[in-house]
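> Need coordinates for the following:
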Amino acid sequence: MTKPIKRVVILGGGTSGWMTASALLRFMNRATPGTIEVTVVEGPDGPIGVGEATGAMDTMLNKIADFYDDEVDTAVGALTALLEPLMIVILGVIIGGLVVAMYLPIFRLVTLIK
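Numbering: from 1, shown residues only. Below you'll find the model as predicted:
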């Protein structure tokens, strides 16, 4: 035999959260009035507020850390992908400048000798 639901927590209020809570209360109270408690958790700080309200702060902070870790990895990867071709061009210009600086005096000597 299954136990009846006595408490429902809806995370992240907003319009959809409040409408879900209202519909759930109306539906459940038709069958057995007053037997269910519906709580809508709206955290002012986003996920941290939800973690505080539900008592799962460690889990929520781990999820936030994973999210930002992935964001940083993506940003660093994109920046590296942009910098690699630029560095190759800069090195090519530097090496080309050195080659021209080395051979230009030799070419001038050849033209002076003729």
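> rest of the way, CA atoms for contacts and neighbours
Fine.
> any idea how far Arg26 is from Leu112?
101 Å (CA to CA, to the nearest Å).
> Then Leu61?
34 Å.
> follow-up on the earlier one: so which of Leu112 and Arg26 has more stuff around it?
Arg26 (12 against 8; other CA atoms under 10 Å).
> Counting by contacts, list what the helix or strand hosting that one packs against.
In the assignment (DSSP states H and E), Arg26 maps to helix 14-31. Judged by 3 or more CA pairs under 8 Å, 6 or more residues apart in numbering; DSSP states H and E, helix 14-31 is in contact with strand 7-11, strand 37-41.
> where are the low-confidence patches of the chain?
1, 11-14, 34, 42-50, 52-53 (pLDDT under 70).
> quick one: which helix or strand includes the residue most central in space within it?
Nearest to the geometric centre of the chain sits Glu71, at 4.1 Å (CA atoms, centre = their mean). For Glu71, the element it lies in under DSSP H and E is helix 57-113.
> packing partners for that helix?
With 3+ CA pairs under 8 Å, 6+ apart as the test, helix 57-113 has helix 47-54 packed against it.
> Just say which of the helices and strands packed on helix 14-31 is most tucked in.
Neighbour counts (mean count of other CA atoms under 10 Å) averaged over each of the helices and strands packed on helix 14-31 peak at strand 37-41, with a mean of 17.
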